[in-house]
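A.B. asks: With the input below, show me the fold.
(one chain, ligands or ions: 1)
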Amino acid sequence: MLSLKVIKKLKKIVGKEYISVHQEDLLSYSYDATQVTSLPEAVVFPGSTQEISAIMKLANQYQFPVLPRGAGSGMSGGAVPIKGGVVLTMSRLNRILEIDERNMYVWVEPGVVTGDLQEAVAKKGLFYPPDPASLAFSTIGGNVAECAGGARAVKYGVTKDYVMALEVVLPTGKIIHTGHKTIKGVTGYNLTPLFIGSEGTLGIFTKILLRLLPLPPAKATLLLGLPQLELLPHLLNKFLRFPEPLTAIEFIDDLCIQCVENHFQLGLPAVEGLLLLEVDGSEKVVEIIVQQVLDMVKTSGVKVIELAWAEKAKKLWEVRRAISPAVFQLGSKKSSHDIVVPRAQILNMVKKIQALRQDYGLPVLCFGHIGDGNLHVNIMYDETEEVKAQTVTEKVIKAALILGGTISGEHGIGLTKARFLSWEINQPTLKLMQQLKQALDPNNILNPGKIFLE
Ligand SMILES: Cc1cc2nc3c(=O)[nH]c(=O)nc-3n(C[C@H](O)[C@H](O)[C@H](O)COP(=O)(O)OP(=O)(O)OC[C@H]3O[C@@H](n4cnc5c(N)ncnc54)[C@H](O)[C@@H]3O)c2cc1C
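C.D. replies: Below you'll find the predicted structure:
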């Protein structure tokens, strides 16, 4: 319980207009994109690294939990204040500090929205590739904390591939700097990757240096219809072997197609699945790759539903991004997973998911980044089907592990997957992870109750 004395001290640090204990604010910061909720005791809007450092020192002195929060779009409960305490929202730290066009990097504060950053650098002919489907609202701080991925990861990788340096406030309040402004740099231990994907448990990012690429001048998107799922492994392998890589290889299964069709009435054909491919680069390269795809599918029975060039492709990607909300037609509750399997196992995983539909009578659907072996599996259910949904969840996780995969490709462990962590990671490894947490956060102040079962 936060005492009045602590609230007073917090007000002194950030200013009284930047802290709230009003019920409506506590409610607004009690959830993320999972359906788990827990009220904080105060919401604080810090305006600088120094203020965050002072808050962390206070938290250690008075032993209250602190939870950094971006846009609250996380899919594993990372931003849910399960132990109460203070939610530290990054909304005031939302400036793009410096776009260095010659060195091709950008310094940002953590509260910058991913899509806003992409637009700002694009105006200068530069490109920040990571593209989570939440890019219109998720923040760079949250992206780094979850190591967010996206459709373009096939060609460009994920958030970790772009973070060059970090300013971090440690749970004790100390301020550290990791990484380099230079492309190369091997001085001391490489601490930056330790913080990427640490889910708000090891430190609070207050400044982030990101690498930029030249903006590709051309792109095209293809929507393909799969008459049979059995074509998937062959097509995927062929696409991955193109000398010039495809940018994105997304899969959408039959149930997702139905949901999207109900929503948009696009007149999609009755197929077992869709593939959404993106190609980018110079105009010449894009034309060559598109032709390669068209030549390849001509002989395989795959239907080319649409080929869109440049901006016209936006509509197709809106359809892809609409899947997450559209699937609520199939159930009021969703158990959402982002398992990854070795790419050669994609068909086996999709088949397993479809078998679970039959076995348990629940709509279990999948879509996602099959170019990386990453499938979003959604188990849709209603209040009365909770137990059945839990059983199906366990079967999905086990199937991914049996196929040589991992339980999370981009959404993190947070709260919702904590009980599965030991299914994948052995005890000595888990112990080492917990020792690292303990070394950086001896009083377990920062985002307690996440990743590890307590
Ligand atoms: C419709 C939809 C589509 C999505 N699509 C994708 C997708 O394609 N790919 C993908 O990877 N994810 C996706 N996500 C999940 C989510 O958007 C990402 O995990 C995103 O990175 C979270 O950013 P956020 O700002 O919302 O962070 P939050 O949800 O606010 O926080 C997430 C975690 O980051 C920590 N955190 C936040 N800011 C900081 C900071 N400054 N320092 C340290 N820790 C911090 C929090 O404590 C928490 O543990 C999607 C979510 C939705 C709702």
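A.B. asks: What parts of this structure come near the ligand?
C.D. replies: Residues of the chain that fall close to the ligand, judged by CB under 6 Å from any ligand atom: 32-33, 67-75, 78-79, 90, 110, 132-134, 138-139, 141-143, 145-146, 148-150, 199-200, 204-205, 324, 410-411, 447. C-beta: built from backbone N, CA, C; applies to glycine.
A.B. asks: Give the next helix or strand downstream of the helix-or-strand element of the chain with minimal mean pLDDT.
C.D. replies: One helix or strand of the chain scores below all others by mean pLDDT, DSSP states H and E: helix 314-321, with a mean of 80. For helix 314-321, the succeeding helix or strand toward the C-terminus, using DSSP states H and E, is helix 323-326.
A.B. asks: Show me what that next one packs onto, helices and strands only.
C.D. replies: For helix 323-326, the contact count by 3 or more CB pairs under 8 Å, 6 or more residues apart in numbering; DSSP states H and E identifies helix 254-264 as packing neighbours.
A.B. asks: ok, and for the helix it packs on, which residues are buried?
C.D. replies: 254, 255, 256, 257, 258, 259, 260 (16 or more other CB atoms under 10 Å).
A.B. asks: Contact partners for the one residue in the stretch 251-400 of the chain that gets nearest to the ligand?
C.D. replies: Going by CB to the nearest ligand atom, the ligand is nearest to residue 324 of the stretch 251-400 of the chain, at 4.1 Å. The contact partners of residue 324, by CB atoms under 8 Å, 6 or more residues apart in numbering, come to 133, 376.
A.B. asks: Distance of it relative to residue 400?
C.D. replies: Per CB to CB, to the nearest Å, residue 324 is found 20 Å from residue 400.
A.B. asks: where in this structure is pLDDT low?
C.D. replies: Residues of the chain meeting the criterion pLDDT under 70: 311.
A.B. asks: Where do the domain boundaries of it fall?
C.D. replies: 4-89, 96-214, 218-323, 331-414 (automatic domain parsing).
A.B. asks: phi, psi of the most centrally placed residue in the chain?
C.D. replies: Closest to where the C-alpha atoms of the chain average out (CA atoms, centre = their mean) is residue 148, at 3.5 Å. Dihedral pair for residue 148: phi -60, psi 140, per degrees, to the nearest 10.
A.B. asks: Check the gap between it and residue 357 for me.
C.D. replies: Per CB to CB, residue 148 is found 29 Å from residue 357.
A.B. asks: Return the distance of the nearest residue to residue 326 once chain neighbours are set aside relative to residue 38.
C.D. replies: The shortest distance from residue 326 to any non-neighbouring residue, by CB to CB, 6 or more residues apart in numbering, is to residue 259 (4.1 Å). Distance of residue 259 to residue 38, computed by CB to CB: 30 Å.
A.B. asks: for residue 49, same thing?
C.D. replies: Distance, residue 49 to residue 38, by CB to CB: 27 Å.
A.B. asks: Look at those two and report which has more neighbours.
C.D. replies: Between residue 49 and residue 38, counting by other CB atoms under 10 Å, residue 49 is the more crowded of the two (18 against 15).
A.B. asks: what's near enough to touch the more buried one?
C.D. replies: Residue 49 sits next to 167, 169, 175, 206, 207 when contact means CB under 8 Å, 6+ apart.
A.B. asks: ok, now residue 339?
C.D. replies: Listed by CB under 8 Å, 6+ apart, the contact partners of residue 339 are 349, 374-375, 377, 396-397, 399-400, 405-409.
A.B. asks: please redo it, this time with the cut-off set to 6 Å
C.D. replies: Residues near residue 339 by CB atoms under 6 Å, 6 or more residues apart in numbering: 375, 400, 405.
A.B. asks: what phi and what psi does the backbone show at it?
C.D. replies: Dihedral angles (degrees, to the nearest 10) for residue 339: phi -70, psi 160.
A.B. asks: Run a quick neighbour tally on the nearest residue to it once chain neighbours are set aside.
C.D. replies: Nearest non-adjacent residue to residue 339, counting by CB to CB, 6+ apart: residue 400, 3.7 Å away. Look at residue 400: counted by other CB under 10 Å, it has 28 neighbours.
A.B. asks: Pretty sure residue 400 sits in a helix.
C.D. replies: Yes - secondary structure of residue 400 (DSSP: H, G, I helix; E, B strand; the rest coil): part of a helix.
A.B. asks: From residue 368, how far out is it?
C.D. replies: In terms of CB to CB, residue 400 sits 12 Å off from residue 368.
A.B. asks: What of residue 261?
C.D. replies: Counting by CB to CB, the gap from residue 261 to residue 368 is 18 Å.
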